[in-house]
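J.: next comes the sequence, and after it the predicted model I'd like to discuss.
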Amino acid sequence: MSICRYFEIIHIHIANIDNLRLGKIKVNMQTKLIEFKNQNDEILRGIVTSPDNKPRASAVFLQGFERNATVEKKSKMTAGELAERGIVSLRYDAAGCGLSDGDFSKFTLNGRAQELSKALEVFQNEFGGLKINFVAHSLGMCPLALVLNEIKPLINKMVFIAPALNQKDLMRFYFVRDSMKEEKRQAKITWDNYKQYLNEDKFLQDCARAGKMVRENYINPDYFMEAKDFDFSHNFDEIKEKVLHVHGEFDLSVPLESLNVKFPNRIIVKGGDHDLERPDFWGQWFSQAVEFLTE
């Protein structure tokens, strides 16, 4: 059995288990594994979920920093619901994440943007002519912002979940928070007070430091050196009405206050965290997001 067929069977099995938990089995959709190469000749893998009938629109899922779009509940379950409504979707893992090959230590936002362009090229070759929806979590909006001008005419709707658009200030917030932990200082760092403790020179030195460890990987300085000056909060101003912004009330990773823009369509999840996958959080936004993408 080929590896592609193996993953396809496993994925269908997992999808059916999830649907049994929801009290129904979806039978009018198909899933398949696809592979394509990124700009560094690394093999990226993704899952295409399509309705049995000819699709009327498409959707692409974009993952967070070290996350996996192929298997996360947000993307997997949304893809199933969209297929039920005639929308074909692609959820792929970036280099060094999930099913994909590659070296995560070389991660940059511009690199992710190039991967997105490759993914859209492959997807459009098979499902060209369809309007594209995007569902992006956390940092996933940043590569989309970088290629926005190229694809703006193709965009239908977008769901932004905990958008980490303001990289410039978020990176400084993380630096202060982590520094305080390392120094074992007792100050409670919040979005409102972190600038009081920020040493910009030390921050810039830290950005250039080699051998940094993030949650699961080493990472080179390239990402920090580019992202320290990026704030994408206003990149979507011309098409704000096409965005549904979903954010947890108590998101400690990307505080709601980090955004320098307010989208007109917004759901603030009461008590919500960064991932918004707990059942009590999920129920506050999932159905509305699917309706927004398909209305």
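T.: That came through fine.

J.: hmm, who's touching the host helix or strand of Arg266?
T.: Per DSSP states H and E: Arg266 is located in strand 265-269. If you take C-beta atoms under 8 Å, 6 or more residues apart in numbering as the criterion, strand 265-269 is touched by 241, 243-249, 256, 276, 281, 284-285, 288-289, 292. Yep, even glycine has a C-beta here, placed from its N, CA and C like the rest.

J.: so what secondary structure elements neighbour the next helix or strand after that strand?
T.: Next in sequence after strand 265-269, counting helices and strands by DSSP H and E, comes helix 279-294. Using 3 or more C-beta pairs under 8 Å, 6 or more residues apart in numbering; DSSP states H and E, the elements in contact with helix 279-294 are helix 73-84, strand 132-137, strand 155-161, strand 243-248, strand 265-269.

J.: would you mark the buried spots in helix 279-294?
T.: For helix 279-294, burial by neighbour count (16 or more other C-beta atoms under 10 Å) applies to 281-282, 284-286, 289-290, 292-294.

J.: report the two of the residues you listed separated the most.
T.: Greatest spatial distance in those: Phe281 and Thr294, 21.3 Å, computed using C-beta to C-beta.

J.: picking that back up, closest to Glu81 out of the contacts of strand 265-269?
T.: Closest to Glu81 out of those is Ala289 (9.1 Å), distances taken as C-beta to C-beta.

J.: what's the spacing between that closest one and Glu295?
T.: 11 Å (C-beta to C-beta, to the nearest Å).

J.: ok, so of the contacts of strand 265-269, who is nearest Phe61?
T.: Using C-beta to C-beta, those come closest to Phe61 at Ala289, 12.1 Å.

J.: now that closest one, nearest residue through space, not along the chain?
T.: Leaving aside its sequence neighbours, Ala289 sits nearest to Val159 (C-beta to C-beta, 6 or more residues apart in numbering; 4.9 Å).

J.: so what's Ser89 up against?
T.: Ser89 is in contact with 48-50, 58-61, 78-79, 82-83, counting by C-beta under 8 Å, 6+ apart.

J.: wait, Asp273
T.: Taking C-beta under 8 Å, 6+ apart, we find Asp273 in contact with 248, 250-252, 281.

J.: picking that back up, farthest pair in the contacts of strand 265-269?
T.: Glu241 and Phe281 (25.1 Å).
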